[in-house]
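>>> need a structure here:
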Amino acid sequence: MKAVLLAAGMATRLRPLTDDLPKCLLSVAGVPILRRAMDTLLGCGIGEFALVTGFLEGKIRAAVGGWYPGLRVAWFTNHDYATTQNGPSLLAARPALDGREFLMLDADIVFDRGVIDAVLGAPWPNCLALRRAADLGEEEIKVELDERGRVLRIDKPVPVARAAGESIGIERFSAEGSRVLFATLHERVVGRGLGNEWYEKSFEQMIERGEAEIHVVDVTGHYCAEIDTAEDLAAADRVLRGRGAGRGP
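From the prediction side, this is the model:
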């Protein structure tokens, strides 16, 4: 299976830390976020990668090349990273992923190996990792489920009272699911000019049209944190240093 990591953004909320360094290269407990993620994926048997970059992409390419000489990596660029969201970033990787089963991750997540094991081991063809929490707010990508436990809505505006939890930014799609996903992304981003939206809007359209079902994998028992602010970075650093977590799963 191939994994795609989206690492194109400018991470303005982390400035000045990200003035000259992509967010995914910031270190948590002494290990860059991206390296920690890729080490874990390699430990789970993932051997092929696609990376989508934009802001300071040369630094990311140099870092990955230095960490993993000879690793199979397909590189893609979101040239409009400064004015778009992650929908166009995912669409940029279409040549490597369309019609193939793949695992997708935002490149700003710090997580336990158990999260990946759970998503890879789930019985459904299309699924996403869900964290149940009592502290959901406006910034979280919240998930509403239907009566059969399938994703109904996935968006920040989902009312907290109707949310089953937060999508943490790790998903798995089947070969057929990927075909539907990239066709939907192309329709929205290219056909309708909706470059400034998150890829979750394409998930919702697929679901609304009955073209795909997406289930949730509850990973609440595993550590996972999205790094958006300096406070997030410091909190993750404290947790992992407290656990003695260096490189790897």
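
>>> Next, the buried residues of stretch 147-164.
Buried positions in stretch 147-164, judged by neighbour count with 16 or more other CB atoms under 10 Å: R150, V151, L152, R153, I154, D155, V158, A163, A164. For every residue, glycine as well, the C-beta is placed using N, CA and C.

>>> avg pLDDT for stretch 176-187?
Stretch 176-187 shows a mean pLDDT of 97.

>>> And for it, what's in contact with it?
By CB atoms under 8 Å, 6 or more residues apart in numbering, the residues outside stretch 176-187 that reach it are 87, 90-91, 94, 97-102, 125-126, 173, 199, 202-203, 205-206, 211-212.

>>> Any of those buried? List them.
When the contacts of stretch 176-187 are checked for burial by 16+ other CB under 10 Å, the buried set is 87, 90-91, 94, 97-98, 101-102, 125-126, 173, 199, 202-203, 205-206, 212.

>>> And the strand ranked longest in the chain, what does it pack against?
As assigned by DSSP state E, the longest strand anywhere in the chain is strand 165-173. Packing partners of strand 165-173 (3 or more CB pairs under 8 Å, 6 or more residues apart in numbering; DSSP states H and E): strand 102-106, strand 109-111, helix 113-121, strand 127-131, strand 142-145, strand 224-226.

>>> Pairing partners for that strand, with directions?
Next to strand 165-173 in the sheet, as set by DSSP bridges, lie strand 102-106 (antiparallel), strand 127-131 (antiparallel), strand 142-145 (antiparallel).

>>> Please enumerate the helices of this structure.
33-43, 57-67, 86-92, 94-97, 113-121, 175-186, 200-208, 230-242 (DSSP state H).
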